[in-house]
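Asker: I need the structure of the sequence given here:
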Amino acid sequence: MDRSRYILALLTFVTIGMIIGSLFQLAFINRLEEPSGILHWENDNEATTLRLGYECDTLKAIARPRLQVSTVVDTKTGKGFKSEVRTSSGMFLNNDERKFPIVQAIEKRISVFSQIPPENGELIQVLRYEPSQYYRPHHDYFADTFNLKRGGQRIATMLMYLSDNVEGGETFFPMAGNGECSCGGKMVKGLCVKPTKGDAVLFWSMGLNGESDPKSIHGGCAVLKGEKWSATKWMRQKTTF
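Answerer: I've put the predicted structure just below:
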């Protein structure tokens, strides 16, 4: 028992230290911006990579102590349950963590890129996939009425990659494109996006006609080597808070 408490205390200390360190680094980088909004580092690839790296590492540090086995949504009840369809571990940032400057910076950039107001977004989910873990092809839009009560249907997803040096672990879109790609070491038809730290993928679950798009089906290919860390931001039709 004493050893467990010691390990928990150590993990908490390390996590807090990483978060504080990242906040100081972000503050330093933000000094490169003038009040007018002009970015002195916008054409500096090294500065951009540095900023994205700290954001990725901060999300991982926040998430690591609270990771739990991932669940999928029951289409009848709208509640989550464990399934072999999804074998990763993950957690959701809470409302207090959403107020962290570094998280707000991430959400602002997502809003600008997607043209969807920040208040229409769900809390960011952070996921970890270890070797042999995967997520079978699925849709992000809801098939139940329970989850539609708060914010309406999911219309778009921003998927952010937080780690490098991963073999496999691609994001697979079986109905996108006409070519073939490698998904967890196997050749499949469709489009595969390799997880690279600092990269992100925006895709839409709803068309301009207001109907859910079945072609938005996607999956997480099995990780062959390393750890794949990602963060997901789902955006709704209406405000979620």
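
Asker: For Thr58, which three-state class applies?
Answerer: For Thr58, the reduced secondary structure class is helix; criterion used: DSSP: H, G, I helix; E, B strand; the rest coil.

Asker: would you say Pro131 is within a strand?
Answerer: No. Assigned with three-state DSSP, Pro131 falls outside any strand and is coil.

Asker: can you tell me how far it sits from Gly169?
Answerer: Distance of Pro131 to Gly169, given as Cβ to Cβ, to the nearest Å: 9 Å. The way it works is simple: take the backbone N, C-alpha and C, and place the C-beta from them, glycine included.

Asker: Give me the more crowded residue out of those two.
Answerer: Taking neighbours as other Cβ atoms under 10 Å, Pro131 and Gly169 compare with Gly169 leading, 29 against 15.

Asker: what's that one in contact with, if anything?
Answerer: Contacts here follow Cβ atoms under 8 Å, 6 or more residues apart in numbering; on that basis Gly169 touches Tyr129, Gly184, Pro195, Gly220, Cys221, Ala222, Val223, Leu224, Gly226, Lys228.

Asker: I'd like those residues as CSV, with pLDDT appended.
Answerer: Converted to CSV, the contacts of Gly169 look like this (pLDDT from 0 to 100):
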residue, pLDDT
Tyr129, 98
Gly184, 97
Pro195, 97
Gly220, 98
Cys221, 98
Ala222, 98
Val223, 98
Leu224, 98
Gly226, 97
Lys228, 98
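
Asker: Can I get the buried part of those residues as one PyMOL selection?
Answerer: In PyMOL, this line selects whichever of the contacts of Gly169 come out buried by 16 or more other Cβ atoms under 10 Å:
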select buried, resi 129+184+195+220+221+222+223+226+228
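
Asker: Just the closest of the contacts of Gly169 to Arg66, please.
Answerer: Tyr129 (16.5 Å; Cβ to Cβ).

Asker: partners of that closest one in the sheet?
Answerer: When bridges are called by DSSP bridges, Tyr129 pairs up with Lys228.

Asker: Can you give me the distance of Phe191 to Ala200?
Answerer: In this structure residue 191 is Leu, not Phe. 15 Å.

Asker: Thanks again, I'm all set now.
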